[in-house]
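# I would like the atomic coordinates for the input below:
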Amino acid sequence: MENKKITLLFPGQGSQYVGMGKEFHAKYKIVRDIYDQADNVLGYKLSEQCFKKPGFGKKIMHRTVLDKTIFTQPAVLTTSYACYKVLEQRCKELNIDLNVSLLAGHSLGEYTALLVSGVMDFESCLKLVAKRAFYMTEVGRDYPDAGLMAIVDKKRNLNYKRICNLCKDFELYITLNNTKKQIVVGGAKRKLAELSKQLKQEGKLATILKVEGPFHTPIMRPAAEKLKKELEKNRLSIGSKPVIANVSNDAIVDPNHIKQELYEQIFMIVNWRGSVEKMIGNGEGLFIEVGPKKVLSNMIKDIDPSIPCLNVEDMESLEKTVNELKQQTKDLSEDNSQDEP
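Residues are numbered from 1 along each chain as shown. Below you'll find the model as predicted:
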């Protein structure tokens, strides 16, 4: 019996919530060190953004500070990385072989995957993500009449080509090909409203997303060009584990390929469904989502309900995951001993 191939998944923007990472911060020094380092790099108390609700119940710009892109992206990266370091530490303590074969992340989460793969160090990665968030917000401010809309088919039967054709008709763009039941499109808000009416007549759900710009559309290209200059300043290493790219769905380890991917994913389609289907086709038998919420785990279930998913975001989910990994290691050991003559 072979150990199941494990893929680690890292969430993106939209997974954030106040309190994420708080339990690990209280218990693990390694996590406190990560947040302290983030505070020093960013020049503000990221830990307070993550752990404390907005002051005295007041609404700030009708949303918490944590929901603003310039804060969200560094916060989700830092929290996800901290969750990974805790998982790594617990596995070492329990002599569990975390047999990771692939890594993947959704949009922003791709940076966490590359960080875990050793492509760059935490400080360099965090600085890049902070600039990415700033550039994306900047373009969003320049195009206040553009946004994103999620299209949902509860029957899990969205026709990708049909949505592509509708986008051409309405001068819109597919931005996130997430699952069999959800695709996100972007562009002019008035065009999104027109498309929404047609989709609702067809029995689909269409919801305008609360985001600060038409992310992953060609409108964001100016942000990508600015980020490209920052990427050129960074020396990336060859990854220790392949990362399945959002745009190409290739398994990437080469620094030049990685830089091109990070440049393109700002203004091109994030084909998450394609990434997941490729990983499943590669024989990946267990997915572990590392970071806040279980958004990606739920997407996996929508794509292929037969694939087991675990997650790590707090003490309860951590112990459940390491216990499952420990049992898997035990079962493997027992099977191997029975195979011996």
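
# CA atoms for contacts and neighbours, from now on please.
OK.

# Which neighbouring elements make contact with the helix or strand encompassing Tyr84?
Using DSSP states H and E, Tyr84 falls within helix 69-93. Using 3 or more C-alpha pairs under 8 Å, 6 or more residues apart in numbering; DSSP states H and E, the elements in contact with helix 69-93 are helix 22-27, helix 29-42, helix 46-51, helix 109-116, helix 122-142, strand 286-290, strand 309-312, helix 315-339.

# Out of these, which one sits most buried?
Of the helices and strands packed on helix 69-93, the one with the most neighbours on average (mean count of other C-alpha atoms under 10 Å) is helix 109-116, at a mean of 26.

# average model confidence for that one?
For helix 109-116, the mean pLDDT works out to 99.

# tell me the angle that helix makes with strand 286-290.
100 degrees (axes from the mean of the first three to the mean of the last three C-alpha atoms, to 10 degrees).

# So Leu66 belongs to a helix, correct?
Yes. Counting by DSSP: H, G, I helix; E, B strand; the rest coil, Leu66 is part of a helix.

# Just list the residues touching it, thanks.
By C-alpha atoms under 8 Å, 6 or more residues apart in numbering, Leu66 lies in contact with 16-18, 49-50, 72, 75.

# thinking again about what came up before, please identify which of the helices and strands packed on helix 69-93 is closest to Ile244.
Counting by C-alpha to C-alpha, Ile244 lies closest to helix 109-116 out of the helices and strands packed on helix 69-93; the figure is 8.5 Å.

# Touching that closest one from outside, list them.
Under C-alpha under 8 Å, 6+ apart, the answer for helix 109-116 is 8-13, 77, 80-81, 84, 103-105, 120-122, 125, 129, 239, 243, 245-246.

# Dihedrals phi and psi, Pro154?
Not Pro; residue 154 is Lys. Dihedral pair for Lys154: phi -60, psi -20, per degrees, to the nearest 10.

# Apart from its neighbours in sequence, what residue is nearest it?
Excluding its sequence neighbours, the residue lying closest to Lys154 (C-alpha to C-alpha, 6 or more residues apart in numbering) is Lys181, at 6.1 Å.

# Give the burial count for that neighbour, as a bare number.
19 (other C-alpha atoms under 10 Å).
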